[in-house]
Structure formats: C-alpha cells, structure tokens
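Peer 1: 3D model of this:
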Amino acid sequence: MKILVTGGAGFIGSHLCKRLVDEGNEVICVDNFYTGRKKNIEKLLESDKFSVMEHDIINPLEITGLDRIYNLACPASPPAYQKDPVFTWKTSVIGVMNMLDLARKNNNCRVLQTSTSEVYGDPLEHPQKESYWGNVNPIGIRSCYDEGKRASETLIVDYFRKFDLPVRIIRIFNTYGSNMDPNDGRVVSNFIVQALSNQDITIYGDGSQTRSFQYVDDLIDGMLKMMENNLGFIGPVNIGNPGEFTIKELAEIVLKMILESKSKIVFKDIPKDDPKIRKPDITLAKEKLSWEPLISLEKGLVQTIAYFRSEVE
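Peer 2: Numbers count the residues shown, from 1 in each chain. Presented below is the predicted three-dimensional model:
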C-alpha cells in the first residue's frame with residue numbers, strides 16, 4: 001500500500017514507518033521537525049520504499065494515490081506542547097481537518113488518528129474505560145493538548161457520520177522505547193538520562209501518582225491491528241499497558257537497573273493539573289482487536305536504557 005505517516009520522524013512515528021516499510025509498503029513520512037528528529041529516520045532513507053516531505057500539516061497537503069493515513073503529527077510531551085500552545089491547538093484541530101480532507105480526496109482512504117489518554121484529564125474513574133468522558137480543565141496549562149485531542153476526536157467522528165469516511169481512533173497511554181528525545185521531558189527519558197548522567201532524579205510531587213507504561217513495539221502492534229480491522233470498528237480504543245506503577249517505583253526500578261548510577265531521588269512541587277492516576281482498561285482492545293501488550297516494564301527498560309546509553313555518550 002501507499003501510506004502517509006504524519007509526524008513520521010518522531011519517537012513513535014519512526015517506529016511505525018520502519019514497520020510499514022519492513023512489511024513492503026511505500027511510506028511517505030511528513031514532518032515539520034518541530035519535535036521529530038532526522039536521525040530517527042536516517043536508516044530508512046536507504047530504502048526506495050521510503051521518502052520524506054518536510055511539511056506542517058497546519059497547511060493543506062496534496063498527495064494522490066494514498067491507501068492509508070496515520071496521523072501522529074503533534075507535540076506530545078508537556079514541555080513541547082506547552083512551548084507554543086496555539087501551535088499545538090492548530091496542529092490538533094486544523095491539522096487533523098486537513099488530513100481528513102486529504103483522505104476524502106484519496107477515495108475516502110482509511111485514517112488512523114493517534115489520540116491520547118490525556119483526554120481523560122485527571123480521571124475520577126479508575127481504570128479508565130473508553131466510555132468515560134474525562135475530567136479536563138478546559139483553561140489549564142495542559143489544555144492545548146488535552147482539549148485539542150478531544151476536539152480532534154469530535155472532528156473525526158463527524159467526518160465519519162457526514163462523509164462515511166473510514167476512520168480509526170486510538171488513545172495512547174504512556175509509551176517509551178528507543179528514538180525518544182533525551183530532552184523531551186517525559187518521565188521515562190528524564191529518569192534514565194538523569195541516572196546515566198549521575199544527576200538527581202527529579203520527582204514532581206510525592207511520587208505517589210501512578211502511570212502505566214507500554215513499550216513502543218506493543219503500541220505499534222496495536223496501531224496496525226486497529227487500522228486494519230475490518231469490523232467497521234472506529235474506536236476510540238485504549239492502547240496501553242495496564243501494569244500500574246507509582247512514579248517513585250519507576251525511579252527506583254531505573255536506579256536498580258543502572259547500578260553504576262550515583263543519582264539520588266529528589267522531590268519538587270507537582271505541576272498544575274498533573275493527573276494523579278492513569279491506567280487503561282483494555283477490555284475493548286482485547287475483544288475487538290485481539291490485542292494486549294506482551295512486553296513487561298523491566299524487559300522494555302533493558303532495551304531503552306541501552307539506547308539512552310549511546311545517546312548520552
């Protein structure tokens with residue numbers, strides 16, 4: 001197939017592009033390199049099945065002959081999406097609309113939107129099911145991302161209802177793995193880089209807040225299964241690992257695995273609107289997609305730490 005991947009030079013996008021190319025597809029990576037990194041896709045450029053277009057999806061895009069569109073374009077870590085909240089909002093809404101219009105021009109080709117667990121906000125339901133409407137502050141410092149993604153889901157379902165566009169929505173929970181930017185501000189990359197550099201491991205709050213961490217390979221499996229499901233199932237569906245850890249437990253696991261580290265854990269004030277709990281209910285993914293994560297946190301961290309060692313060095 002001829003497949004467009006927006007945000008294809010990012011952490012998750014680069015893994016998706018590699019899988020799609022390995023499976024014999026022609027892949028066009030579109031990225032504005034706001035957070036994506038050219039080094040993530042350098043090896044893919046050796047393939048005649050892979051090409052890169054530097055473009056911002058806030059602006060319309062003209063490509064013909066597409067069979068699939070995976071939309072991953074949007075800054076996803078708090079420092080990145082808070083850096084320019086208006087840009088984040090435009091990417092989440094105007095950018096998504098442009099991709100939906102592009103799909104319509106390509107014979108109503110199938111579109112997968114990467115939404116996020118952030119649509120649940122600071123949840124009052126635990127674990128979070130897809131039927132839960134969330135608890136989001138509409139004017140908070142995280143709102144450009146949380147509400148932007150919620151609005152994108154609305155747009156996508158409206159295109160499905162109005163134009164019968166075959167759409168798919170996944171809600172991604174915390175994901176980690178190789179190709180993460182060491183400076184992206186996410187908790188896994190922060191802790192590993194700090195431990196490898198013998199810096200204090202910084203926990204915001206008392207460390208009791210929880211997250212569920214999935215390895216990137218599990219996520220890619222879930223994305224492909226969702227895109228290619230022929231049940232007419234459009235989602236949204238949670239794609240995440242239901243294994244739940246406190247932030248303090250994650251820091252302790254990282255220190256245990258990086259034995260040479262001289263880092264100490266320090267605590268700082270928690271950011272505003274930071275969710276206290278986060279855990280996916282993946283019953284729907286199991287039922288509709290026959291998907292569940294296979295890689296444990298410890299196993300995934302072994303490979304992730306190895307990647308960050310080379311980055312730090």
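
Peer 1: ok, which stretches of the stretch 1-150 of the chain are helices?
Peer 2: Remark: helices assigned in the stretch 1-150 of the chain by DSSP state H, counting those that start in this stretch are 11-22, 78-83, 85-90, 96-105, 143-163.

Peer 1: Buried deepest among the ones you listed, which one?
Peer 2: Most buried of these by mean neighbour count (mean count of other C-beta atoms under 10 Å) is helix 11-22; its value is a mean of 23. For glycine as for every other residue, the C-beta is placed from the backbone atoms N, C-alpha and C.

Peer 1: how long is stretch 277-287 end to end?
Peer 2: In stretch 277-287, first residue to last residue: 24 Å (C-alpha to C-alpha, to the nearest Å).

Peer 1: phi, psi of Tyr204?
Peer 2: For Tyr204, the backbone dihedrals (degrees, to the nearest 10) come out as phi -90, psi 120.

Peer 1: Quick check: the nearest residue to it once chain neighbours are set aside vs Lys225, distance?
Peer 2: In space, and not counting its chain neighbours, Tyr204 is closest to Ile270: 4.8 Å by C-beta to C-beta, 6 or more residues apart in numbering. Per C-beta to C-beta, to the nearest Å, Ile270 is found 35 Å from Lys225.

Peer 1: of these two, who's got more company?
Peer 2: Each of Ile270 and Lys225 has its neighbours counted (other C-beta atoms under 10 Å); Lys225 has more, 18 against 15.

Peer 1: Over to the residue nearest to that one when sequence neighbours are not counted: give its phi and psi.
Peer 2: Closest residue in space to Lys225, ignoring its immediate chain neighbours: Leu289 at 4.3 Å, by C-beta to C-beta, 6+ apart. Here is the backbone geometry of Leu289 (degrees, to the nearest 10): phi -120, psi -10.

Peer 1: Leu289 - how many residues pack around it?
Peer 2: Neighbour number of Leu289 under other C-beta under 10 Å is 22.

Peer 1: Surely it touches Asp221?
Peer 2: No. Here Leu289 lies out of contact with Asp221, judged by C-beta atoms under 8 Å, at a distance of 9.2 Å.

Peer 1: Tell me which residues touch Phe33, please.
Peer 2: 9, 54 (C-beta atoms under 8 Å, 6 or more residues apart in numbering).

Peer 1: Check Arg68 too.
Peer 2: The contact partners of Arg68, by C-beta under 8 Å, 6+ apart, come to 1-4, 109-112, 227.

Peer 1: Sitting in strands, which of those do you find?
Peer 2: Counting by DSSP state E, the part of these found in strands is 2-4, 110-112.

Peer 1: could those residues be laid out in CSV, adding pLDDT, distance to Lys299 and neighbour count?
Peer 2: Below are the ones in strands among the contacts of Arg68 laid out as CSV (pLDDT from 0 to 100; distance: C-beta to C-beta, whole Å; neighbours: other C-beta atoms under 10 Å):
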residue, pLDDT, distance to Lys299, neighbour count
Lys2, 98, 35, 16
Ile3, 98, 29, 24
Leu4, 98, 32, 25
Arg110, 98, 32, 19
Val111, 98, 32, 28
Leu112, 98, 27, 25
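
Peer 1: Return the member of the residues you listed nearest to Val167.
Peer 2: Using C-beta to C-beta, Val111 comes nearest to Val167 of the ones in strands among the contacts of Arg68, at 5.1 Å.

Peer 1: Could you identify the most distant pair in the contacts of Arg68?
Peer 2: Lys2 and Leu112 (14.9 Å).

Peer 1: With distance to Val312 added, can I get the helices of the stretch 1-150 of the chain in a markdown table?
Peer 2: Output for the helices of the stretch 1-150 of the chain, formatted as a markdown table (distance: least, C-beta to C-beta, whole Å):
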| stretch | distance to Val312 |
| --- | --- |
| helix 11-22 | 17 |
| helix 78-83 | 19 |
| helix 85-90 | 28 |
| helix 96-105 | 35 |
| helix 143-163 | 28 |
